[in-house]
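Q: below: sequence and its predicted model.
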Protein chains: 2
Amino acid sequence: MDENSPLPYWEQLANILRERIRTGEIQHRVPSLNTLTQEFGLSRNTVIKAISALEADGLVVTRQGRGTFVTRR
Amino acid sequence: MDENSPLPYWEQLANILRERIRTGEIQHRVPSLNTLTQEFGLSRNTVIKAISALEADGLVVTRQGRGTFVTRR
DNA sequence: GAGAATTTGTACGTATGTATG
DNA sequence: ACATACATACGTACAAATTCT
């Protein structure tokens, strides 16, 4: 993540994921928490906060034991 | 908190605070994080999650360094 | 204005529970 | 039974904004 940005990590990650969804790089399934924590070097809690922001947007839905999925509209 | 309830602590606390706001017990300012953590014996993070739920409802607004306040409508 | 105290914000690590496949 | 994946919850530390002395 960008250390010099004024945006908190969770918000930077949320923006990156929004962009990946917008461009279609993520079409259906959002990578798992484990994957995202490793890819971005962030803690689990921080990744969860980013995903929660996308959920609040109605951009994705999360299901325990399954994963997080892009909302079709 | 009620150990036997299926509701998570953060949701129980959110419900308690909603009720206190509804009845007017909390009219303006929501107690600080420190106060709530001590009153309910919960961790800071858990209290924050409860407050976040109220914010998502539009029931309160939170301002860094100031506090959390009931939304007037 | 300076400094301390208060209060929320971000972020880490860790552990355990619950649901799915 | 087992592995994977999200959910809850604890503790801790420091940053940032505000308020008080």
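A: That came in fine, so what should we check first?
Q: so what's residue A:41 up against?
A: Applying CB atoms under 8 Å, 6 or more residues apart in numbering or on different chains, we find residue A:41 in contact with residue A:1. To be clear about C-beta, it is placed using only N, CA and C from the backbone, and glycine gets the same treatment.
Q: any idea how far residue A:8 is from it?
A: 15 Å (CB to CB, to the nearest Å).
Q: low pLDDT regions in chain A?
A: Along chain A, the model assigns pLDDT under 70 to residues A:2-5.
Q: up against DNA strand C, what does chain A have?
A: A:8-11, A:41-46, A:49, A:63-66 (CB under 7 Å from any atom of the strand).
Q: so the residue of chain A found nearest DNA strand C versus residue A:56, what's the distance?
A: Using CB to the nearest atom of the strand, residue A:65 is the residue of chain A that sits closest to DNA strand C, at 2.5 Å. Relative to residue A:56, residue A:65 is positioned 21 Å away (CB to CB).
Q: the two: which has the busier surroundings?
A: A side-by-side neighbour count of residue A:65 and residue A:56, using other CB atoms under 10 Å in any protein chain shown, places residue A:56 first with 12 against 4.
Q: contact partners for that one?
A: residue B:56.
Q: switch the cut-off to 6 Å
A: With contacts taken as CB atoms under 6 Å, 6 or more residues apart in numbering or on different chains, residue A:56 has no neighbouring residues.
Q: quick one: buried residues of the strand or helix carrying residue A:46?
A: Using DSSP states H and E, the element containing residue A:46 is helix A:44-57. For helix A:44-57, the buried set under the neighbour-count rule, 16 or more other CB atoms under 10 Å in any protein chain shown, comprises A:46-54.
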